[in-house]
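Asks: sequence unknown, structure follows:
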């Protein structure tokens, strides 16, 4: 029998805990689940569970993130060529996850087609400001990703067009989150086909939302440097693959409270300029899996609704494996802002603090 190393044993134990937690949450819901129940299902002690996760909510968010990251490709969907079709497909992939009622119990009440792990997700977010604030930023970030995909699909390479697309993306996400939550309360009321059609029609509105661009920071905060650079090994959640670091790109290391500031960098750079966003947090137990969940959820729909080229120049990484340190940012909290411009195997520009990503983007654009 092969003897496992301590690290391998920890990985195996963590996997057992996650599998047991999924079973417990599926059977009893978040409110009814207990750490003792999870330990019993995993055939582990309560202490072994707590040695891997600090509490039930951290476990719940980790299970949801793991499920989102490993969700199978949606059936029967191919990237679309027009924006209305892409948004309808995006919504269709999203709506595949919502509960549907197909039977009734003896009392005549509708029963969900299958237990849904995420039914307690939004109530748990709304109950605690510590999760509500980062979740708001993650929604804004998801809208930026969707807006950039929309912009690329329509061939609008000028950066100034991004804000209007992001505003439309925010409307799409509002519709989809609303439909998802309503489906938990009244699954028979929500018609997935109608939701998909509505999302497709949002792109055809005669007067898209007007967005007044805010003054953009200049490049004064960026400074030239010459530092050796070794690309870290990490996972790009947007494309669900190992991150790729090419010859020249901007890397923004952003605390979760500052995620929306990446838009200020994207409206400076040409759409084809490679950008990697590294999401950092001071709370790796709960906020990091929340970030993984939010990005993985929206990315799955993006990958199967839009052509690969629409997001080819964007990557998203959650800093739970030392990526920020590899980027020369040793301490990251929820309010961190740092950015660097990489040229092959060297860092050539850096900035820290407010508007760091926009400052590096401005400098990169000025020398392009």
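Replies: Alright, I've got the coordinates. Please read these numbers as outputs of a predicted model, since none were measured by experiment.

Asks: below-threshold pLDDT in the stretch 151-300 of the chain: ranges please.
Replies: 206-220 (pLDDT under 70).

Asks: ranges for the strands of it?
Replies: Taking DSSP state E, counting those that start in this stretch as the criterion, the stretch 151-300 of the chain contains strands spanning 223-228, 235-236, 241-242, 248-255, 275-280.

Asks: return the most buried member of those strands.
Replies: strand 275-280 (a mean of 27; mean count of other Cβ atoms under 10 Å). Heads up, the C-betas are built off the backbone N, CA and C, glycines and all.

Asks: partners of that one in the sheet?
Replies: strand 248-255 (parallel), strand 314-318 (parallel) (DSSP bridges).

Asks: got the contact list for it?
Replies: 141, 236, 243, 245, 249-256, 259, 262, 265-266, 269, 291, 295, 313-319, 323-324, 327, 329, 332-334, 336 (Cβ atoms under 8 Å, 6 or more residues apart in numbering).

Asks: can you rerun that using 7 Å?
Replies: Counting contacts by Cβ atoms under 7 Å, 6 or more residues apart in numbering, the residues outside strand 275-280 that touch it are 243, 249-256, 259, 262, 265-266, 269, 291, 313-319, 323-324, 327, 332, 336.

Asks: near residue 282, how many other residues are there?
Replies: 15 (other Cβ atoms under 10 Å).

Asks: for the one 10 residues further on, same thing?
Replies: Residue 292: 23 surrounding residues under other Cβ under 10 Å.

Asks: next: residue 360.
Replies: Neighbour tally, residue 360, other Cβ under 10 Å: 28.

Asks: show me what counts as buried in the host helix or strand of it.
Replies: Assessed by DSSP states H and E, residue 360 sits inside helix 356-366. Across helix 356-366, burial judged by 16 or more other Cβ atoms under 10 Å covers 356-365.

Asks: check stretch 229-240 too.
Replies: Residues of stretch 229-240 classed as buried by neighbour count (16+ other Cβ under 10 Å): 229, 231-232, 234-239.

Asks: nearest to residue 135, of those?
Replies: residue 237 (16.3 Å; Cβ to Cβ).

Asks: thought that closest one was touching residue 298?
Replies: No - with contacts defined as Cβ atoms under 7 Å, residue 237 does not count as touching residue 298, sitting 9.6 Å away.

Asks: contacts only, for the most centrally placed residue in the chain.
Replies: In the chain, the residue lying closest to the centroid (Cα atoms, centre = their mean) is residue 295, at 1.1 Å. Going by Cβ under 7 Å, 6+ apart, residue 295 touches 237-238, 316.

Asks: go with 6 Å
Replies: 237, 316 (Cβ atoms under 6 Å, 6 or more residues apart in numbering).

Asks: what is the mean pLDDT for stretch 323-335?
Replies: Averaged over stretch 323-335, pLDDT sits at 92.

Asks: mind listing residues that contact that stretch?
Replies: 232, 234, 251, 253, 255-257, 278, 280-282, 317, 338.

Asks: show me which pair in those residues is furthest apart.
Replies: Longest span within these, Cβ to Cβ: 232 and 257, 22.9 Å.

Asks: what about the helix or strand containing residue 24, distance to the chain center?
Replies: If you go by DSSP H and E, residue 24 is part of helix 6-32. For helix 6-32, the separation from the chain centroid amounts to 22 Å (computed by Cα atoms, centre = their mean, to the nearest Å).
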